[in-house]
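A.B. asks: I'll drop the sequence and a predicted model, then ask my questions.
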Amino acid sequence: MSGQPHAKSASYAKDRNYAHLSKSLARLSRAVGQTADLFEQLHLDLDAMRTLAGIHSAQLMTVATELVPEHDAE
């Protein structure tokens, strides 16, 4: 009967380790979900930056053509 307390202790330790693993996996799952959300937001931000850069480039080219007229007469 001396093996019985050891078996209960091992079973308790195993259950405790599984509970800890379960909590760790739940935290990991939340972190992966948050990372996916952040990547989606990053994608949207990069698209907006690309659009803004295109608009600013067009404005710069427009202003440059107004400030520096072509010399057709020469």
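C.D. replies: All right, it came through fine. Numbering: from 1, shown residues only.
A.B. asks: show me the helices in the protein, by range?
C.D. replies: 3-67 (DSSP state H).
A.B. asks: what about it, any weak spots by pLDDT?
C.D. replies: 1-3, 71-74 (pLDDT under 70).
A.B. asks: try 50
C.D. replies: 1, 73 (pLDDT under 50).
A.B. asks: which residues sit against stretch 53-62?
C.D. replies: Outside of stretch 53-62, no residue comes within contact range by C-beta atoms under 8 Å, 6 or more residues apart in numbering. (Glycine included, C-beta is placed from N, CA and C.)
A.B. asks: hey, C-alpha coordinates of that stretch in PDB?
C.D. replies: Below are the C-alpha coordinates for stretch 53-62, written out as PDB (Å, rounded to 0.1, in the frame of the first residue of the first chain):
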ATOM      1  CA  ALA A  53       2.600  58.800 -51.000                       C
ATOM      2  CA  GLY A  54       1.000  58.600 -54.500                       C
ATOM      3  CA  ILE A  55      -1.000  61.700 -53.800                       C
ATOM      4  CA  HIS A  56       1.900  63.700 -52.500                       C
ATOM      5  CA  SER A  57       4.100  62.600 -55.500                       C
ATOM      6  CA  ALA A  58       1.400  63.900 -57.900                       C
ATOM      7  CA  GLN A  59       1.200  67.200 -56.000                       C
ATOM      8  CA  LEU A  60       5.000  67.600 -56.000                       C
ATOM      9  CA  MET A  61       5.100  66.900 -59.800                       C
ATOM     10  CA  THR A  62       2.300  69.400 -60.400                       C
END
